[in-house]
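A.B. asks: the following block contains a protein sequence and its predicted model.
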Amino acid sequence: MLSTLAYNDRNLAMEMVRVSEAAALSASLLVGRGDEKQADQVAVNAMRRALNALDIDGTVVIGEGERDEAPMLFIGEKVGTGRGPKVDIALDPLEGTSITARGGANALAVIAFAEEGGFLHAPDVYMDKIAIGGALPTGIVDLDASPAENVRNLAKAKGSDVSDIQVCILDRPRHSELIAKVRESGARIMLIGDGDVAGVMATSQPETGVDMYLGSGGAPEGVLAAAALQCIGGFMQGRLLFRNDDEKARAAKSGVTDLNRKYELNDLAHGDVMFSATGVTNGTLLKGVRRFPGGAVTHTMMMRSSSGTVRIIEAHHNFVKKPFIA
């Protein structure tokens, strides 16, 4: 018997596209304006409005902030009309706030739906991550192996030289040792300023040239990236990282009991999963919003794990017939 989510997923997937489009359209007004907070805020506002118009009984389980930081989309917030299927929601209305403020590449509006309980309730802490694309045997890479070992094993599995392997890493001081070790292995590196959801997703898209993602980033973004890989195919592991007792307490509040657990892809996201990402700025995966008098064009990647379908949707928005609300 199909789940309620699976039964409705075709229509719901297209409605979800409209949600990520709305956030991207609003955020695009702030591209290059130097205001990270305002860019994030307009994306949040647009995503909330679009979600509340859907016939779902939705709960945000991976969100932007805690309840006392409203009007951010907070963990535990109920969205939708309440008349449809129960849906757990992971979202980032603007993945890459600083990218947007600078007018850089790879900013996205991202949202994922799953059946109730389908996402790890990850606290807002760091997560150590490793990811590679699909169509490869299991056990090739491991979070506990050295960067050199992972690079060698991946090159062997792909039938390529180590020098052909490109590893995507967030350009952060905390990654200086990791970057040095990857370079010592003979692999190439793509450093990105922000946007590790896009970085993980890129491993499953051959045209990006990214073979592996390594390094630490936000745990909520890790769950979103895992949702994408469940749909598009790939391998991922993650382990939560804690800097202090307050972060450990947050993990306990989220139901995390084993602080050292190594999470596999199915631990992060499982079951019927739908994922939608709309480009805010141009990137390796998607084109950004292109605005013109009276309208705009958006590019969205929409995926469903139940069918394995990946759709790239170019939408032309007519603001004369349907006025745009920022």
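C.D. replies: Arrived safely, thanks for sending. Residues are numbered from 1 along each chain as shown.
A.B. asks: strands of the stretch 151-300 of the chain, start to end?
C.D. replies: 166-170, 188-192, 212-218, 234-241, 263-264, 273-279, 290-292, 295-304 (DSSP state E, counting those that start in this stretch).
A.B. asks: angle of the second one against strand 166-170?
C.D. replies: When axes from the mean of the first three to the mean of the last three CA atoms, to 10 degrees is applied, the directions of strand 188-192 and strand 166-170 differ by 30 degrees.
A.B. asks: quick one: contacts of strand 188-192?
C.D. replies: Contact with strand 188-192 is made by 106, 163, 165-171, 179, 182-183, 198-199, 209-210, as judged by CB atoms under 8 Å, 6 or more residues apart in numbering. All C-beta spots, glycine's among them, are computed from the backbone N, C-alpha and C.
A.B. asks: let's see stretch 20-27 as CSV, backbone CA atoms only.
C.D. replies: The C-alpha trace of stretch 20-27 is given here as CSV (Å, rounded to 0.1, in the frame of the first residue of the first chain):
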residue,chain,number,x,y,z
SER,A,20,11.6,27.2,-3.7
GLU,A,21,10.8,29.5,-6.7
ALA,A,22,9.1,32.0,-4.4
ALA,A,23,12.1,32.1,-2.0
ALA,A,24,14.6,32.5,-4.9
LEU,A,25,12.6,35.2,-6.6
SER,A,26,12.5,37.3,-3.4
ALA,A,27,16.2,36.7,-2.6
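A.B. asks: what is the mean pLDDT for it?
C.D. replies: Per-residue pLDDT over stretch 20-27 has a mean of 98.
A.B. asks: what's the closest of the strands of the stretch 151-300 of the chain to Asp144?
C.D. replies: strand 234-241 (8.7 Å; CB to CB).
A.B. asks: in its sheet, what does the closest one sit against?
C.D. replies: Strand pairing for strand 234-241, using DSSP bridges, gives strand 126-133 (antiparallel), strand 263-264 (antiparallel).
A.B. asks: highest mean neighbour count out of the ones you listed?
C.D. replies: Compared across the strands paired with strand 234-241, strand 126-133 shows the largest average neighbour count, a mean of 24 (mean count of other CB atoms under 10 Å).
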